[in-house]
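*Asks:* Quick check, what structure comes out for this input:
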Amino acid sequence: MPNLLQKRWHGYQTVWVFMLQLLLIIVISYYNWVLGLIGLCLVIGLTYAMLSAERRFRKELVRYVTDLSYRIKRVEGEAVSRLPFGILLYSEDRSVEWHNRFVAAMFDQDSVVGKPLSELLPVLPQLSKDKKEGNAGRSTIEIPINQRHYELMIDSAERLIYIRDTTELALLRESYEDGKAALGIVMLDNLDEATQGMDDQQRTALIARVTTAITEWGKQYQLYLRRLSSERTLMILNKKSLSELEQSRFVILDEVREMTADLKVPMTLSIGLAFGTESFSELGELAQSSLDMALGRGGDQAAVKAGQRLSFYGGKTGATEKRTRVRARVIAHALRDLMQESDRVIIMGHRMPDLDVIGASIGVLKAADMYKVESYIVLDGSNPSIDRLMDRIEKEEALSRRFISPEQAMGIMTEHTLLVLVDTHKASMTMEPELVEEASRIVVVDHHRRGEEFINDAMLVYLEPYASSTCELVTELLQYIHEKVVISPLEATTLLAGITVDTKQFALHTGSRTFEAAAFLRRVGADTMMVQRLLKEDLQEYMAKADIIKHARLIYGNIAIAVSEPGHPIPQLLIAQVADTLLNMTNVLASFVISERPDGLIGISARSLGSMNVQVVMERLGGGGHLTNAAVQLEGTQEDAEKRLMQVLDEIEKEEGLFE
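*Replies:* Residues are numbered from 1 along each chain as shown. Next up, the predicted model:
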């Protein structure tokens, strides 16, 4: 092309030369016509040569442009075909009309023309319908294909898809996410109980065995472990290792328990892990909070806090009973000081109170009376499980007038009022959650395993999952809160009734301290015959229970499930009693009873003999409770509740097995 332009320029120069020559010939002819004629002949010859050159130039220009257009068209097609990203056109019926080589290589085929997009890219049909109008017909998604990652930029208006390989970016992002730091604390949660009676040499040897197992476990999962004390070990890891630990269900819990199974009290671990924040100080706080959660649920388990997700692993065994009463004495003295610093004490339990709530509340009320602190018990509504007891309390005017409604409690609440929550640690489960929000001084006394919801700003927390009942804990506190404790027979009987109900007549979840508490109450006047009268069953209720039990069936060989007839609401207490009754049947290790409640919700009560953690099952449904005693309330129908329960049981069976 430059040569042609140069020739074109020479042509323009020739024209100017011709004009000058013609002018010169005219001047010469004026003086000598012979010379003018010769000059004219020369000019004509030159003009002919110039015109011939112009014709050749035009032919060469046309040939050059034609050749260039052909080359451009050929290179353009080749360039589009060899682009380092994919281009795909699809028709209105969502089949491939054309694509370049990148797309063929992406699907590892010679051609995908004519194939439907729903087969090649199953995610596209729904995506297009959702986003076509919202973003001017354009959207971007990432999908994996043949072990690689691709970014698809979709232009629905033009029925065009641009495809970019983002595998390296995805791997870099995955590597970054996997490398994020996580922090954990491993604790021997019952070292004192497991080594009680051992000499220093035996204790050291046992700790060394357990420490070796933990160290080997850490090497296997690439964890950095640093012992902080004989009981605590710091753990530093990344997200990838954390994911592997969760997939393994923290097998170290079972390994340590099994290697120390020959001891009177097998040693167990509790693990608290945190992930999801860049700040190490915040990670440390979350890890300690997770460890407290694991310990509060009875130990022998791992609690993982990852962002908003809180997961629990293990927890198949019951909490180990603490043989020392040092903690009870310390809590009693702290509670005494808080009561004396308060203008009044308000005691409240969970909704639909049972004998454990009333007994524990009366026990705390008695503790406040010993120091002449004004105190009241919040009670809202009635419940068949406490009606007989409340009828008996009504005869004791001095005690009955201490029961007030939530509205009355709100009216007397001040910033110096002490609110004592018994038998629950969840604000949403209390009789009046607003009372918890208003209180600035809170004490929690509970025996349930700690759940995700917890009153974190409580001034004093006495949460012991090993205890049979809250009444047992309160009975121990009473023995240390004052030098000369004086309890009336009715008050002692109420506390004993709470223990009796939660232990199923001292058959389940009892320890030596349970019987010691019961013996103390018996010494101060508890009436066992009155307890039996309080626990008597109504004939109609017994027949209603039998009607539900006849629908029971066994699954997994040892789990009984009973679903009541639709349209016949049953109180929560009766649902729980049916679950308790099913445990008495041969070969039944756990029971679940599903029924509609009078308030329209679907109640599920779960019970076990200890070999199955029913609390874990109920937590996955949104409920909670204890290792052997848990429940949940769901919206919907009984059929839906049964399906959800079966789904959770199937998941647990596949993950780690239902029974220990």
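
*Asks:* From residue 254, how far off is residue 260?
*Replies:* 11 Å (CB to CB, to the nearest Å). C-beta coordinates here come from the backbone N, C-alpha and C atoms, glycine included.

*Asks:* how many other residues sit next to residue 95?
*Replies:* 16 (other CB atoms under 10 Å).

*Asks:* Ramachandran angles for the most centrally placed residue in the chain?
*Replies:* Nearest to the mean C-alpha position of the chain, counting by CA atoms, centre = their mean, stands residue 309 at 2.8 Å. Phi and psi for residue 309, reported as degrees, to the nearest 10, are phi -90, psi 130.

*Asks:* Model confidence for it, exactly?
*Replies:* At residue 309, the model reports a pLDDT of 82.

*Asks:* low-scoring stretches of the protein, by residue?
*Replies:* 1-19, 21-22, 36, 62, 64-81, 123-137, 315-324, 382, 660 (pLDDT under 70).

*Asks:* Can you give me the domain assignment for it?
*Replies:* Domain assignment for the chain by automatic domain parsing gives 2-81, 86-173, 181-314, 326-534, 539-655.

*Asks:* OK, contacts around the nearest residue to residue 99 once chain neighbours are set aside?
*Replies:* Distance criterion CB to CB, 6 or more residues apart in numbering; nearest residue to residue 99, sequence neighbours excluded, is residue 88 at 4.4 Å. By CB atoms under 8 Å, 6 or more residues apart in numbering, the contact set of residue 88 is 96, 98-100, 103, 160-161, 163.

*Asks:* among the residues you listed, which two are most distant?
*Replies:* For the contacts of residue 88, the farthest-apart pair by CB to CB is 98 and 163; their separation is 13.4 Å.

*Asks:* neighbour-wise, which of these two wins?
*Replies:* Between residue 98 and residue 163, residue 163 has the larger neighbour count (other CB under 10 Å), namely 22 against 13.

*Asks:* where's the more buried one relative to residue 28, distance?
*Replies:* Residue 163 is 77 Å from residue 28, by CB to CB.

*Asks:* Which secondary structure state is assigned to residue 443?
*Replies:* Following DSSP: H, G, I helix; E, B strand; the rest coil, residue 443 is assigned to strand.

*Asks:* who's in contact with it?
*Replies:* Contact partners of residue 443, counting by CB under 8 Å, 6+ apart, are 335, 338, 418-421, 458-462.

*Asks:* Would you mind listing which of these are buried?
*Replies:* 335, 338, 418-421, 458, 460-462 (16 or more other CB atoms under 10 Å).

*Asks:* Please identify the one among those that lies nearest to residue 439.
*Replies:* residue 419 (3.9 Å).

*Asks:* Tell me the bridge partners for the closest one.
*Replies:* Beta-bridge pairing of residue 419 under DSSP bridges involves residue 346, residue 442.

*Asks:* quick one: contacts for it?
*Replies:* Per CB under 8 Å, 6+ apart, neighbours of residue 419: 345-348, 413, 435-436, 439, 441-443.

*Asks:* Repeat that for residue 39.
*Replies:* 21, 24-25, 28-29.

*Asks:* so how far is whatever helix or strand residue 392 lives in off the chain centroid?
*Replies:* Using DSSP states H and E, residue 392 falls within helix 387-394. Per CA atoms, centre = their mean, to the nearest Å, the displacement of helix 387-394 from the mean C-alpha position of its chain is 43 Å.

*Asks:* Please shift the residue numbers so they start at 378 in all later answers.
*Replies:* Renumbered: residue one is now 378, and that last one reads helix 764-771.

*Asks:* List the buried residues in that helix.
*Replies:* By neighbour count on 16+ other CB under 10 Å, the buried set for helix 764-771 is 765-766, 769-770.

*Asks:* where does residue 771 sit relative to residue 906, distance-wise?
*Replies:* 20 Å.

*Asks:* now do residue 816
*Replies:* 39 Å.

*Asks:* which of those two has more neighbours?
*Replies:* Between residue 816 and residue 906, counted using other CB under 10 Å, residue 816 has the larger neighbour count: 25 against 8.

*Asks:* related to what we said a few turns ago, can you lay out the buried ones among the contacts of residue 820 as JSON lines showing distance to residue 524?
*Replies:* Below are those laid out as JSON lines (distance: CB to CB, whole Å):
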{"residue": "712", "distance to residue 524": "62"}
{"residue": "715", "distance to residue 524": "62"}
{"residue": "795", "distance to residue 524": "62"}
{"residue": "796", "distance to residue 524": "58"}
{"residue": "797", "distance to residue 524": "60"}
{"residue": "798", "distance to residue 524": "54"}
{"residue": "835", "distance to residue 524": "52"}
{"residue": "837", "distance to residue 524": "56"}
{"residue": "838", "distance to residue 524": "51"}
{"residue": "839", "distance to residue 524": "55"}
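
*Asks:* need the contact list for residue 559.
*Replies:* 613-616, 618-619, 650-652, 660 are the contacts of residue 559 under CB under 8 Å, 6+ apart.

*Asks:* on that earlier part again, closest one of the contacts of residue 796 to residue 752?
*Replies:* Once CB to CB is applied, the member of the contacts of residue 796 that ends up nearest residue 752 is residue 722, at 4.0 Å.

*Asks:* could you list every residue that touches the closest one?
*Replies:* Residue 722 sits in contact with 716, 741-742, 745, 750-753, 794-797, where contact means CB under 8 Å, 6+ apart.

*Asks:* Nearest residue to it in space, ignoring adjacent ones along the chain?
*Replies:* That would be residue 752: by CB to CB, 6+ apart, it lies 4.0 Å from residue 722.

*Asks:* where's the residue nearest to residue 476, which helix or strand?
*Replies:* strand 463-467.

*Asks:* Whatever helix or strand comes next after that strand pairs with which strands?
*Replies:* Per DSSP H and E, the first helix or strand lying C-terminal to strand 463-467 is strand 473-476. Here strand 473-476 is paired, per DSSP bridges, with strand 463-467 (antiparallel).

*Asks:* any idea how far stretch 890-906 is from the chain center?
*Replies:* 42 Å.

*Asks:* ok, and what's touching it?
*Replies:* Stretch 890-906 is contacted by residues 698-700, 702, 844-845, 848-849, 852-853, 856, 862, 864-866, 869-870, 872-873, 876, 880, 883 when judged by CB under 8 Å, 6+ apart.

*Asks:* one more time with 6 Å
*Replies:* Residues from elsewhere that reach stretch 890-906 (CB atoms under 6 Å, 6 or more residues apart in numbering): 845, 849, 852, 864, 866, 869-870, 872-873, 876.

*Asks:* Show me the two of those that sit farthest apart.
*Replies:* 845 and 866, at 21.6 Å, using CB to CB across the contacts of stretch 890-906.

*Asks:* Settle it for me: which of the two has more neighbours?
*Replies:* residue 845 (28 against 13).

*Asks:* circling back to that earlier point, got the contacts of stretch 890-906 as a markdown table, with secondary structure and distance to residue 516 columns?
*Replies:* Converted to a markdown table, these look like this (DSSP: H, G, I helix; E, B strand; the rest coil; distance: CB to CB, whole Å):
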| residue | secondary structure | distance to residue 516 |
| --- | --- | --- |
| 845 | coil | 59 |
| 849 | helix | 61 |
| 852 | helix | 65 |
| 864 | coil | 72 |
| 866 | helix | 76 |
| 869 | helix | 71 |
| 870 | helix | 70 |
| 872 | helix | 66 |
| 873 | helix | 68 |
| 876 | helix | 63 |
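
*Asks:* Please check those and keep the buried ones.
*Replies:* 845, 849, 852, 864, 869-870, 872-873, 876.

*Asks:* quick check, nearest of the residues you listed to residue 937?
*Replies:* Distances from residue 937 to those, taken by CB to CB, are shortest for residue 845, at 23.3 Å.

*Asks:* That closest one contacts residue 884, doesn't it?
*Replies:* No: Residue 845 is not in contact with residue 884 according to CB atoms under 6 Å; the separation is 10.6 Å.
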